[in-house]
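Asks: Build the 3D model from these lines:
(chains A, B, C and D)
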Number of protein chains: 2
Amino acid sequence: MEPSQLRRAGLKITVPRLKILEILADNQTRHMSAEDVYRRLLDAHEDIGLATVYRVLTQFEAAGLVTRHHFAGGTAVFELDQGEHHDHIVCEDCGRVEEFTDASIEDRQREIATRLGFKITDHSLILRGRCVRDGCPHRPPPP
Amino acid sequence: MEPSQLRRAGLKITVPRLKILEILADNQTRHMSAEDVYRRLLDAHEDIGLATVYRVLTQFEAAGLVTRHHFAGGTAVFELDQGEHHDHIVCEDCGRVEEFTDASIEDRQREIATRLGFKITDHSLILRGRCVRDGCPHRPPPP
DNA sequence: CTAGTTGCAAATCATTTGCACTTGC
DNA sequence: GCAAGTGCAAATGATTTGCAACTAG
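Replies: All right, here's what the predicted structure looks like:
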């Protein structure tokens, strides 16, 4: 939400960029697709096109302000990059996303990469499953 | 490459299915996109449409014969499922893919999922990096 | 002022689908 | 013979791009 972040990334401070940053920072939903962001803009009566949303999100990603994930097959979701890296577990039925980090997994990844002659620049670990929460549609009816 | 596998999956044994299975089994390239498979079919002068390739690959996936991965952003790649599960590390520059398994990572994943109230149905761990091999385009010129 | 930005519409890419025509069993 | 399978073309959904108008510095 800091204009300074934009400037540091070599991006002019414009209304679309500030608005989109604001929406991402308003952590109601931490993981949003371009469409999601666009809809919020429409709700807020901002006159910003979907193409701009995509462009801005891509620039934010390049600037390291935002991370792009591919949870579902088709659509990418974006998440404001607030310090620490983390992995994700996604519920196949209700779409709920939980985040976690595990040092031993991270260590192991680095070891494996080294052993195979790679230098890791990025990695994604996504677990998919069914969550055991009340809201979740798949839950079997109680007997 | 066994017709029996098809039958077991409840799929009729047809030319397109056999040909596609054959191409996947010919492990020149273990990870192929639908386009890749289609091109091989064209090379082999088989009269099989791209739509059929997609349909067949999707059926194979449903039948557990094949696994679908999302290494790059847009395109999915398919891999013949030969027994053991494994994860992947992909070179950003040359596209080389290496496979690995790590029991301790698998264990940890299960623990984490349980702790967060999920039952894992699937997971994908993809490391991205640069490989230190001769063929790789990014390699710095020797000084 | 002017390079960087944006909106819109049209273009692209990967994948899916409708439908009339084959083909396996 | 008939349901299942296929080819083709058109439809879809996500994302990108060309371009003329706009705006931040």
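
Asks: partners of A:Thr67 in the sheet?
Replies: For A:Thr67, the beta-bridge partners are A:Glu79 (DSSP bridges).

Asks: Which residues are in contact with it?
Replies: A:Glu61, A:Phe78, A:Glu79, A:Asp81 (CB atoms under 8 Å, 6 or more residues apart in numbering or on different chains). C-beta here means a position set from N, CA and C on the backbone, and glycine is covered the same way.

Asks: Please tell me how far it sits from B:Asp47.
Replies: Separation of A:Thr67 from B:Asp47 (CB to CB, to the nearest Å): 44 Å.

Asks: one step back: so among the contacts of A:Thr67, which ones count as buried?
Replies: Burial of the contacts of A:Thr67 was assessed by neighbour count (16 or more other CB atoms under 10 Å in any protein chain shown); the buried members are A:Phe78, A:Glu79.

Asks: In TSV, list the contacts of A:Thr67 along with distance to A:Asp26.
Replies: Below are these laid out as TSV (distance: CB to CB, whole Å):
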residue	distance to A:Asp26
A:Glu61	19
A:Phe78	13
A:Glu79	13
A:Asp81	15
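
Asks: Same list, the contacts of A:Thr67, but only the ones touching DNA strand C.
Replies: Near DNA strand C, taking CB under 7 Å from any atom of the strand as the test, no member of the contacts of A:Thr67 is found.

Asks: Between the contacts of A:Thr67, which sits nearest B:Asp26?
Replies: Minimum distance to B:Asp26 across those is 37.3 Å, recorded for A:Glu61 (CB to CB).

Asks: Pretty sure that closest one sits against A:Arg68.
Replies: Yes: the pair A:Glu61 / A:Arg68 is scored as a contact, 5.3 Å apart, by CB atoms under 8 Å.

Asks: Give me the common contacts of the two.
Replies: Taking CB under 8 Å, 6+ apart as the contact rule, A:Glu61 and A:Arg68 both touch A:Phe78.

Asks: CA atoms only for stretch A:96-107, dumped as PDB, please.
Replies: Provided in PDB are the C-alpha atoms of stretch A:96-107 (Å, rounded to 0.1, in the frame of the first residue of the first chain):
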ATOM      1  CA  ARG A  96     -10.400 -22.900   1.200                       C
ATOM      2  CA  VAL A  97      -6.700 -22.200   1.200                       C
ATOM      3  CA  GLU A  98      -4.400 -22.600   4.200                       C
ATOM      4  CA  GLU A  99      -0.800 -21.500   4.200                       C
ATOM      5  CA  PHE A 100       2.100 -23.200   5.900                       C
ATOM      6  CA  THR A 101       5.800 -23.300   6.000                       C
ATOM      7  CA  ASP A 102       8.000 -26.200   7.000                       C
ATOM      8  CA  ALA A 103      11.700 -25.700   7.500                       C
ATOM      9  CA  SER A 104      12.600 -29.300   7.000                       C
ATOM     10  CA  ILE A 105      10.800 -29.500   3.700                       C
ATOM     11  CA  GLU A 106      12.600 -26.300   2.500                       C
ATOM     12  CA  ASP A 107      16.000 -27.800   3.600                       C
END
